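[1] sequence first, predicted model second:
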Amino acid sequence: MRFKVNISGKGDKVVSVDGNDKIVGELLQEIAEKFGIDMDIIQSIRFGYPPQKVDINDDTLVQLLEDIGLSSGEKIGVTLRGSGNNTVSNANTSPVEPILKDNQSSFIGNDGTKWILQQHEVPDDNSCLFHAIAYCMYKDISLSGGLRERVAKEITKDGITYNEAILGQKPQEYINWILLKDSWGGGIEIAILSKVLGVAVYVLDIDALKYEKFNEDKYDEFIIILFSGVHYDAIETTTRKTVFNVRTDEPFCQMVLACSLEIARNMKQNGKAFNSQKANIICNICQKKFVGEREIAKHAESTGHTDFGQA
């Protein structure tokens, strides 16, 4: 997709993005690089006839270009923050900094680009682990069921590794259980999916404020998923980047890990985490209380109850 972009005082430039599935944030990154500006000072864009204005914020950054009505060949006018007549702010005017949410953190890359990391929430329906990994890898949580099937297939193929002692029950019983959409996934499933997807999985425990890294010694690429104690979510940038490569850009990855920890710290301070090994957990359906994930999983399996909370 090619666009003719105008910024008053900086002239016109042709900006290109590959593919038809790009989001607004990715286009803005290309515009910022082409014009030599910080992406965060882009306030709005205009295009079409009659002109349509799109204000730039956290929501519009992750919208697909086609969803806002932008098609290849459009002429785009860009308005910068602090410039009433589309000109760049002068040296005495600081660009307006966006206010970050509790589940966001930011850093400046070595190339001067400002990156914002954030929690991407997935449905709390007992498939959250599979949703989080599916989102990180494919941006599509409808593929969660397929990930369950991949786990089942690996257990079937390797009965020596995934034996009754490891699984806590006979392999076929475990397979039947994990294929149910209400069955919780955990460490076994993370290790298997890390291997079959060829990517390291870094699980960031919000309560402990530390990472548990699966297969970091095997793969250069990694994804980050947040674990609150009873729920998994994904970590992404506002441009929907979810897979990071430590070999190609280690400094960038170190900043990603540090900022993800900051997000976890903020969430913990706001009461969005608890220690499932120590905290009392209540079934909101029958009011029984449990301690630890294993007890919850067994209760969910035997009763079909799926609504739990902290007692």
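    Yes, it's here.
[2] show me where this protein has its helices.
    24-35, 58-61, 128-138, 144-157, 164-167, 171-178, 187-197, 250-269, 293-303 (DSSP state H).
[3] tell me where the model's unsure across this protein.
    Residues of the chain meeting the criterion pLDDT under 70: 20, 82-98, 273-280, 291-294, 297-298, 301, 306-311.
[4] one more pass at 80, please.
    Applying pLDDT under 80 to the chain picks out residues 19-21, 49-51, 58, 81-99, 272-282, 284, 289-311.
[5] quick one, domains of it?
    Here the domain parsing of the chain from automatic domain parsing is 2-93, 117-269, 280-310.
[6] looking at those domains, which is closest to residue 103?
    Comparing the domains of the chain against residue 103 with Cβ to Cβ, the closest turns out to be domain 117-269 (3.9 Å). (Each C-beta comes from the backbone N, C-alpha and C, glycine too.)
[7] for residue 250, give me its contacts.
    Contacts of residue 250 were listed using Cβ atoms under 8 Å, 6 or more residues apart in numbering, and none were found.
[8] out of the domains of the chain, which is the most enclosed?
    Among the domains of the chain, the stretch with the highest mean neighbour count (mean count of other Cβ atoms under 10 Å) is domain 117-269, at a mean of 18.
[9] start to end distance for it?
    End-to-end distance of domain 117-269 (Cα to Cα, to the nearest Å): 18 Å.
[10] from here on, call the first residue 217.
    Yep, numbering from 217; the last one is domain 333-485 now.
[11] centre of the chain to that domain, how far?
    Mean-position distance between domain 333-485 and its chain equals 11 Å (Cα atoms, centre = their mean, to the nearest Å).
[12] re the thing from before, dump the domains of the chain into JSON lines; add distance to residue 317 as well.
    Formatted as JSON lines, the domains of the chain follow (distance: least, Cβ to Cβ, whole Å):
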{"stretch": "domain 218-309", "distance to residue 317": "8"}
{"stretch": "domain 333-485", "distance to residue 317": "7"}
{"stretch": "domain 496-526", "distance to residue 317": "23"}
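[13] closest to residue 315 out of those?
    When these are compared (using Cβ to Cβ), the closest one is domain 218-309, at 9.9 Å.
[14] re earlier: quick one: closest of the helices of the chain to residue 421.
    Between residue 421 and the helices of the chain, the tightest spacing by Cβ to Cβ is seen for helix 466-485, at 7.7 Å.
[15] report the contact partners of residue 428.
    403, 418-419, 421.
[16] run through the bridge partners of it.
    With DSSP bridges applied, residue 428 shows beta-bridge pairing to residue 419.
[17] over to residue 292?
    Applying DSSP bridges, one finds that residue 292 bridges with residue 221.
[18] show me what contacts it?
    Listed by Cβ under 8 Å, 6+ apart, the contact partners of residue 292 are 219-222, 231, 247, 261-263, 286.
[19] cool, residue 267 as well?
    In this structure, residue 267 makes contact with residue 293, judged by Cβ under 8 Å, 6+ apart.
[20] and residue 394, how close does it get to residue 384?
    Separation of residue 394 from residue 384 (Cβ to Cβ, to the nearest Å) stands at 12 Å.
[21] from residue 401, how far off is the residue nearest to residue 484 when sequence neighbours are not counted?
    Spatially, and ignoring its direct neighbours in sequence, residue 484 is nearest to residue 422 (5.3 Å; Cβ to Cβ, 6 or more residues apart in numbering). Residue 422 is 17 Å from residue 401, where distance means Cβ to Cβ.
[22] now the contacts of residue 292 in TSV, with distance to residue 345?
    Output for the contacts of residue 292, formatted as TSV (distance: Cβ to Cβ, whole Å):
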residue	distance to residue 345
219	39
220	45
221	41
222	46
231	38
247	37
261	37
262	42
263	40
286	35
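[23] so which of the residues you listed comes closest to residue 476?
    Using Cβ to Cβ, the contacts of residue 292 come closest to residue 476 at residue 247, 27.1 Å.
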